[in-house]
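1. Please work out how this folds:
(3 chains, ligands or ions: 2)
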Amino acid sequence: MRAPDNPVAAKGDVLLAVDNVSLGFGGVKALSDVSFDIRRGEIRAIIGPNGAGKTSMLNCINGFYYPTEGRITFKGVKRPKMRPYEAARGGIARTFQNVALFKSMSTLDNIMAGRSLKMKSNFFWQLFRHGPAMKEEVEHRRVVEEIIDFLEIQHIRKIPVGRLPYGLQKRVELGRALAMEPDLLLLDEPMAGMNLEEKEDMSRFILEVNQQFGTTIALIEHDMGVVMDLSDRVVVLEYGRKIADGTPDVVKSDQRVIDAYLGVAH
Amino acid sequence: MFYREAGQFKSTYPADMAIFPLREDRIGIAVIILAAYSLAFLGNAFLLQAVMIPFLVFSLAAIGLNILTGYAGLLSLGTGAFMGVGAYACYKLMTAFPDVNVIVWIFVSGFFSAAIGALFGLPSLRIKGFYLAVATLAAQFFLQWCFIRIPWLVNYNVSGALDAPLRTLFGIPVLGATATPQTRYLVVLTIVILLTWVASNLVHGRIGRAWIAIRDMDLAAELMGIRPLQTKLLAFAVSSYYCGVAGALLVFLWYGGAEYDVFNINQSFFILFMVIIGGLGSLIGSFFGAALIFILPIVLGIVLPAMLSPFGLSVGADVIEHLRFMIVGALIIFFLIVEPHGLARLWQIGKQKLLVWPFPY
Amino acid sequence: MDILYKVFIEPFVFMGEAPDLLLQTLWEGLVSGVLYALIALGFVLIFKASGVFNFAQGIMVVFSALILVGLYEKGVPAFLALILAIGAMLLLAVAVERVVLRPLVNQPDIILFMATFGLTYFLIGLGELIFGGNPKEMITGPLFLPQGTTELEMFGGLVRFQHLDIAAAVIASIMIGLLAVFFSKTRIGRALRAVADSHKAALSVGISLNQIWVIVWFAAGIVALVAGIMWGARSGVSFSLQIIALKALPVLILGGFTSIPGAIIGGLIIGVGEKLGEFYWGPLVGGGIETWLAYVIALLFLLYRPQGLFGEKIIERI
Ligand SMILES: Nc1ncnc2c1ncn2[C@@H]1O[C@H](COP(=O)(O)OP(=O)(O)O)[C@@H](O)[C@H]1O
Ligand SMILES: [Mg+2]
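-> Ligands and ions are numbered 1, 2, ... in the order given. As a prediction, the model looks like this:
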């Protein structure tokens, strides 16, 4: 994995800005007039009740949906309408609320697939699996092995991920996203359905990624304890609208947030 | 026992990433290849002409379709037509430029079907599943119509059929009436081994991972920077290349000449059945599937009459053909229910058992 | 320039000059369109209630017709043969439910789709094994299917209406109407529709999922039989009829897999479009374009509207 550009000094300037974004599906309005920003090097939590539009927000950020209104600025450039792979090339990686791994592939191959963008050797060499193609394959395998060591999943290296328990799948998915060496990592409920121990592991990995590699992270999470521990700043959505934004302490004591969460069992 | 994983530790990544990391597997492959070549000198003409050559040709076509359907998850019902493009292209090329060696043209003809395949693969960006299957039927029927209606494709031959002119390699006839089954078998075998090796290189590398990624979870693949259109079109092109070469081999090195009808929709389906029964997403399965589907009628043709003749019953060739349809149809359903990963998975399980033999687990 | 004229102007000039021929072509397109729609409805029926895309519907058309004429040729009286053919369709429905659907429930759609390929080939083999592979004449007289033609003088020419075609169009329309009523008005029909959304809904009307499958496959079998009789009467009964029946697939693409009006309109568009194309544009390329035109129309349409004529645009989620 890549060393940070300059984690501490860089923390602060805006990496991604969301301005007045709205998103509708026919009649349903998933997001209305949401604005917030994500600064370089921070862990930014996005919270809110189910159906609040959190996933839709991430989908807008990585180009899976295009906002009906408003704009998204990434690295200081207003994003044109783009396909998801272009967002990926711009340095945005992602995990999913419902694990979206390549089920039949092994852990190793899943994470290798995360290196796709970095692999350059041409078709000709691929035909023979020699020369540059093999050299590249070995180089990337090395990086992937580092990620595997980092996430402590050596023992499941060659197992098709479809057969892994849910908690491990989530971890592999994080590994696949890390393999992209992203500037911005979007994590959609990475700890949903995990037991306490698994949650602690996952929290540790997220913090380490953020601190060791300086990766900026946007994190959707329901467990308030985790959110409070991990995040630098929190944005709260409800019914597609932003109702609060600030440091965990500020958000925690916001009356509208308390109201929004009263009805939800957490 | 002989087949053992134990003690073979991989100390380098290249060794671990080899396609056959186990020494026993590598030896096994070498033995099979050697046996296949020896067969040219040991086997009789019937075995080579009526069993081995078509088996290899269909295996190649099945590998082609498996790349598309098994690896990239794109269902195609146009395989027969893509094979036809290869055959007609090869015919045009070798009659227009008779001085260039025919082997060159066989390989080049695949590029024509690759291009046509990619063209008909364009809709795959927007449509999936059965919609795409219907779209590939457009290719099947349209291309077949071209084969019938464009006399230029057969050099205005009045019969409308393709025929194999005399062509040589190192002075030995490989095409045409004087080419012996032995030489034709050797040529086909070599081409199939070469292309299988290339296919295995492709599916084990970056490109194969992209195909499987698109198949398993296309949206996630795109969010990771894998471009869907390029990946799918490449699958169509490579797949059609294989089918095209297989088509050329089928007409010129097996049949020695053929009409448009060999590239009909039944051909498409039978290749698809080979892939399903052999195992979607398995190269070795393509060989198993081809063997089962192709050799079935031959076996039926020998076994059934032998079984029934004591009762004074005789079976015609047509009955055997009907039975073949029924059995193949039933086999498809059977495999989809019992082992969707096909014969290749059974083979895998067998090998796993062998690895731990004599212990039951 | 010349080619542009031939493609874009001349056919229309010709249509204007000889409206009787145009009418004749439209009529023929309409008749095959209605029959396509009928076959397509068989698909819709099964797809709506079980989510299975039944590729074998085309072969069921041939298979059912083959049983009918095959039995008749073997000396069974026509109406008894008809009843036996219907019985065979019921048997088929039960067998399919037991042997194919039940073990494959919860598998991905594409697996079930491929299983129906297997069913197709099984039925081809079985049909030919029992009744032989040679084409057969459909029985018309004993089934009271009219023969002969009416020629009407119109637009300065004669337009021919085969009585059989009229009967086909009428019967197919009646069938389509009956199915539409069945789906929207009857208890079972509504349950069938509900089952696509939730299996509980079906159970609440007191029918099990397995029964529903048998019912829809049987219904689709009867639709196939009617289509097979009509089409068989027009072009003979043989397995090459399957190629025609497969044209219901582009119809479905146009109309959507779940919409009855979609199947009807799709059928008419394909039927009329392909006859017009063949008659007016076919000669430019040597004819015979009927074999693929339907698919190409559907393909081009798909590129423009992947969700079909009546389908809602689906936004995928992740
Ligand atoms: N592809 C879609 N089509 C239609 N509605 C959608 C789609 N995606 C999300 N929605 C709707 O948008 C709203 C927000 O959903 P989502 O972003 O998934 O919420 P969250 O992740 O906060 O639980 C919900 O009402 C949901 O039904
Ligand atoms: Mg969500």
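2. so where do the strands sit in the stretch 151-300 of chain B?
-> Assigned by DSSP state E, counting those that start in this stretch, the strands in the stretch 151-300 of chain B fall at B:162-163, B:167-169, B:172-175, B:257-258.
3. on contacts alone, who are the packing partners of the longest one?
-> Packed against strand B:172-175 by the contact rule (3 or more C-beta pairs under 8 Å, 6 or more residues apart in numbering or on different chains; DSSP states H and E) you find helix B:102-121, strand B:167-169, helix B:181-204. C-beta coordinates here come from the backbone N, C-alpha and C atoms, glycine included.
4. Would you mind listing the buried residues in it?
-> B:174-175 (16 or more other C-beta atoms under 10 Å in any protein chain shown).
5. What's the per-residue pLDDT of A:G131 here?
-> pLDDT for A:G131: 83.
6. and the residue of chain C positioned farthest from its centre, what is it in contact with?
-> Most distant residue from the mean C-alpha position of chain C: C:M1, 40.0 Å away (C-alpha atoms, centre = their mean). C:M1 sits next to no residue when contact means C-beta atoms under 8 Å, 6 or more residues apart in numbering or on different chains.
7. what residues does the stretch 51-200 of chain C put near ligand 1?
-> By the rule C-beta under 6 Å from any ligand atom, no part of the stretch 51-200 of chain C lies against ligand 1.
8. Could I get the full set of helices for the stretch 51-200 of chain C?
-> With DSSP state H, counting those that start in this stretch, the ranges of helices along the stretch 51-200 of chain C come out as C:57-73, C:78-95, C:102-104, C:109-131, C:163-185, C:187-197, C:199-204.
9. Who are the contact partners of B:P54?
-> Per C-beta under 8 Å, 6+ apart, neighbours of B:P54: B:250, B:254, B:294.
10. residues from chain C in reach of chain A?
-> Residues of chain C that fall close to chain A, judged by C-beta under 8 Å from any C-beta of the partner chain: C:315, C:318.
11. Run through chain C and note the low-pLDDT ranges.
-> Flagging of chain C using pLDDT under 70 yields the residue ranges C:192-207, C:311-314.
12. Ok, chain A next?
-> Those would be A:1-11, A:262-266, if you go by pLDDT under 70 across chain A.
13. can you point me to the longest helix in it?
-> Across chain A, the longest stretch assigned as helix under DSSP state H is helix A:131-151.
14. which ones are touching residue 32?
-> Defaulting to chain A. Per C-beta under 8 Å, 6+ apart, neighbours of A:S32: A:22, A:240-241.
15. right idea, wrong chain: chain B
-> Shown in contact with B:I32 (C-beta under 8 Å, 6+ apart): no residues.
16. out of the helices and strands packed on strand B:172-175, nearest to chain C?
-> For those, proximity to chain C was assessed by C-beta to the nearest C-beta; helix B:102-121 is nearest, at 8.7 Å.
17. hmm, who's touching the closest one?
-> With C-beta under 8 Å, 6+ apart, helix B:102-121 has contacts from B:74, B:78, B:82-83, B:85-87, B:89-90, B:93-94, B:97, B:135-136, B:138-139, B:143, B:167, B:169, B:174-175, B:187, B:191, B:232-233, B:235-245, B:247-249, B:252.
18. tell me how far that helix is from the chain's mean position?
-> Distance of helix B:102-121 from its chain centroid, counting by C-alpha atoms, centre = their mean, to the nearest Å, is 15 Å.
19. what do you get for stretch C:168-187?
-> That offset, for stretch C:168-187, works out to 14 Å (C-alpha atoms, centre = their mean).
20. do stretch B:68-77 as well
-> Distance, stretch centre to chain centre, for stretch B:68-77: 13 Å (C-alpha atoms, centre = their mean).
21. Likewise for stretch C:35-47?
-> With C-alpha atoms, centre = their mean, you get 5 Å for stretch C:35-47.
22. Just the CA trace of that stretch, in PDB.
-> Only the C-alpha atoms of stretch C:35-47 are listed here, as PDB (Å, rounded to 0.1, in the frame of the first residue of the first chain):
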ATOM      1  CA  LEU C  35     -50.700 -15.400 -33.800                       C
ATOM      2  CA  TYR C  36     -47.400 -14.200 -32.600                       C
ATOM      3  CA  ALA C  37     -49.200 -12.300 -29.900                       C
ATOM      4  CA  LEU C  38     -51.000 -15.600 -28.900                       C
ATOM      5  CA  ILE C  39     -47.700 -17.400 -28.700                       C
ATOM      6  CA  ALA C  40     -46.200 -14.600 -26.700                       C
ATOM      7  CA  LEU C  41     -49.100 -14.700 -24.300                       C
ATOM      8  CA  GLY C  42     -48.100 -18.300 -23.400                       C
ATOM      9  CA  PHE C  43     -44.700 -16.900 -22.400                       C
ATOM     10  CA  VAL C  44     -46.300 -14.000 -20.500                       C
ATOM     11  CA  LEU C  45     -48.600 -16.400 -18.600                       C
ATOM     12  CA  ILE C  46     -45.700 -18.500 -17.300                       C
ATOM     13  CA  PHE C  47     -43.400 -15.500 -16.700                       C
END
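23. returning to that earlier point: could you export the helices of the stretch 51-200 of chain C as a markdown table, including mean neighbour count?
-> Formatted as a markdown table, these follow (neighbours: other C-beta atoms under 10 Å in any protein chain shown):
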| stretch | mean neighbour count |
| --- | --- |
| helix C:57-73 | 26 |
| helix C:78-95 | 17 |
| helix C:102-104 | 15 |
| helix C:109-131 | 21 |
| helix C:163-185 | 16 |
| helix C:187-197 | 17 |
| helix C:199-204 | 14 |
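24. out of the ones you listed, nearest to A:E152?
-> With C-beta to C-beta, the closest approach to A:E152 among those belongs to helix C:109-131: 36.0 Å.
25. okay, the closest one in CSV with CA atoms only?
-> Provided in CSV are the C-alpha atoms of helix C:109-131 (Å, rounded to 0.1, in the frame of the first residue of the first chain):
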residue,chain,number,x,y,z
ASP,C,109,-33.5,-17.0,-13.4
ILE,C,110,-30.9,-17.7,-16.0
ILE,C,111,-30.6,-21.3,-14.7
LEU,C,112,-34.3,-21.9,-15.1
PHE,C,113,-34.1,-20.3,-18.5
MET,C,114,-31.4,-22.7,-19.5
ALA,C,115,-33.4,-25.6,-18.1
THR,C,116,-36.2,-24.7,-20.6
PHE,C,117,-33.6,-25.2,-23.4
GLY,C,118,-33.2,-28.7,-22.1
LEU,C,119,-37.0,-29.1,-22.1
THR,C,120,-37.1,-27.8,-25.7
TYR,C,121,-34.7,-30.4,-26.9
PHE,C,122,-36.3,-33.2,-24.9
LEU,C,123,-39.7,-32.4,-26.5
ILE,C,124,-38.3,-32.2,-30.0
GLY,C,125,-36.7,-35.6,-29.5
LEU,C,126,-39.8,-37.1,-27.9
GLY,C,127,-42.2,-35.7,-30.5
GLU,C,128,-40.1,-36.9,-33.4
LEU,C,129,-39.5,-40.3,-31.8
ILE,C,130,-43.2,-40.9,-31.5
PHE,C,131,-44.6,-39.3,-34.6
